[in-house]
Structure formats: C-alpha cells, structure tokens
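*Asks:* When you get a sec, could you give me coordinates for this:
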Amino acid sequence: MILPAHSPAQGPDTLIFGTTHERNSFAYAYSTEYLQQLCAEIRQRCLLQSLPGRRGAAMLADGSIAGELGRVRDYKEKHPEYQRVEEPFITLRTFMFTRTGWSPVNNWAEVTAKVNTVSYQRGVYYYQKRLEALQPRVQPHDVQTVAACLQMVLNGRDQACLFDDGAIGADSKTLLPQGMLGQPLDELQLYIYLGRDYAVLAPSITDAVRRLNAHGLKTRLRKKHFTLP
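*Replies:* You can find the predicted model right below:
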C-alpha cells in the first residue's frame, strides 16, 4: 500500500522512496500507482515522497529514505555506492519548449543552432549534464519547477525550456499552448535506485518490476496518466 503523506518516518515495516517529480505531475501519479503495485508484489508497505533533487540525494546518502524512483541509468556512474534496479519502470520523453514563432527544436543536434539560453528543472541530473556539455554555446539556468521553466521562456528571460513529459502537471499544462513544442529530443528510461542499506532488496524488486512490465503495467499507466500526444 501507499501510505498517506502524514505517515511517520521510515520504520522496519515501511520503505520510503523519493522522487524529483512534483506531486501534481503526470509522473508522480504514475509512480505512485506503480509503487503500489510493486510493493504488493514484494509484500512491503511503501511511501512515495516528492523531494527536490538535492534533498532527495542527501536523504538517500544518509539512509533517511530507502531509495529513489526516476533516476537515469548513468546516475550509477556518479553514485556507484547505490544499487540500481536493472529494469526501467517508466519511459519519459524530452521536449524543448520555445516561444510562438520561434523555430522548433526537434533533436539535440539542433539545440546549439537554434537557442542560446535554456532553463531546466533544478536537480534533474541528466539535463544538467547534457546542457553543461553544450557550454559555452548554450547557457543553462536551473529553476525550481517546470512551470517556472516555461515562464522563463514566455517572459523572454530564456529562449527555451527543457523538460520531460512526466514533469507536466495541471499548472504547467495550461502554459504549453502559449508557446511551441518541437518533436521529442529523446526517450528516457528511468530506474529505481536503492541506498546502501537496502541493496539486498534489489533482486526481489528487479524480479517484481520485470513481472509487472511483462504484464503491461507500464503501458497501462502511461495511457492512464499521460495526456501529451
């Protein structure tokens, strides 16, 4: 089961997982339901918390949470001390949002030719590294939320906003028609990571994720929770 947000701190019968996605986002709703199914498979009580990227990383490091949902595969290179569950639980698509009338950005090769400044949500390691690799031709700026990222473009402070479709929620969804979206830049396979003290759970969680995916859970949840085309 997924425990309510006011549940007590992690105990021996409850696993707390963090995610960088906000509570009103498509990906949070997806992850909540996915975790519910996963915990039923391994007969474990679980709690999902929305945490800023840096706070979630700190809590995983000190053992305050059992793991994180939604890190890229390469996150393991930065944090070899954590155990990656070797089966992705969600697939997200990367988009670049620009102002109406701007030439849309349809792939990564077009970024440096079409934009010079790009906002992205703070704590999203994959976007941070991709944009840093494009410096100095592209200047990245991290902001707190995807809605703030989109507003940076609409207010003329940045030329583009980089985000994934899972990060869209009710507030940010209303901003999308005010600008332009290109084609997806890529697809992100995201994984569950376990802290050092919970690495022993990796085999059983991996097996459970594989069973759930084989039975079509990823496809069903995407159709249910994601509304972008």
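
*Asks:* And the longest helix seen in the chain, what's buried?
*Replies:* Among all segments of the chain classified by DSSP state H, the helix with the greatest residue count is helix 26-42. Under the neighbour-count criterion of 16 or more other C-beta atoms under 10 Å, helix 26-42 has 26-35, 37-39 buried. To be clear about C-beta, it is placed using only N, CA and C from the backbone, and glycine gets the same treatment.

*Asks:* Can you add distance to residue 117 and pLDDT and give these back as JSON lines?
*Replies:* Output for the buried residues of helix 26-42, formatted as JSON lines (distance: C-beta to C-beta, whole Å; pLDDT from 0 to 100):
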{"residue": "26", "distance to residue 117": "26", "pLDDT": "94"}
{"residue": "27", "distance to residue 117": "26", "pLDDT": "95"}
{"residue": "28", "distance to residue 117": "28", "pLDDT": "96"}
{"residue": "29", "distance to residue 117": "31", "pLDDT": "96"}
{"residue": "30", "distance to residue 117": "31", "pLDDT": "97"}
{"residue": "31", "distance to residue 117": "31", "pLDDT": "97"}
{"residue": "32", "distance to residue 117": "34", "pLDDT": "97"}
{"residue": "33", "distance to residue 117": "36", "pLDDT": "97"}
{"residue": "34", "distance to residue 117": "35", "pLDDT": "97"}
{"residue": "35", "distance to residue 117": "36", "pLDDT": "97"}
{"residue": "37", "distance to residue 117": "41", "pLDDT": "96"}
{"residue": "38", "distance to residue 117": "39", "pLDDT": "96"}
{"residue": "39", "distance to residue 117": "42", "pLDDT": "95"}
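
*Asks:* ok, these vs residue 19, which is closest?
*Replies:* Ranked by distance to residue 19 (C-beta to C-beta), the buried residues of helix 26-42 are led by residue 31 at 5.5 Å.

*Asks:* That closest one - nearest residue in space that isn't next to it in sequence?
*Replies:* Sequence neighbours aside, residue 69 is the residue nearest to residue 31 in space, at 5.0 Å (criterion: C-beta to C-beta, 6 or more residues apart in numbering).

*Asks:* Equivalent analysis for residue 73, please.
*Replies:* For residue 73, ignoring the flanking residues on the chain, the nearest one in space by C-beta to C-beta, 6+ apart is residue 191 at 6.1 Å.

*Asks:* In three-state terms, label that neighbour for me.
*Replies:* Using DSSP: H, G, I helix; E, B strand; the rest coil, the structure places residue 191 in strand.

*Asks:* Quick check: it vs residue 74, distance?
*Replies:* According to C-beta to C-beta, to the nearest Å, residue 191 and residue 74 sit 10 Å apart.

*Asks:* So for the two, which sits in the more crowded spot?
*Replies:* Between residue 191 and residue 74, residue 191 has the larger neighbour count (other C-beta atoms under 10 Å), namely 21 against 11.

*Asks:* correct me, but that one touches residue 84?
*Replies:* Yes: with contact defined as C-beta atoms under 8 Å, residue 191 reaches residue 84; the gap is 5.3 Å.
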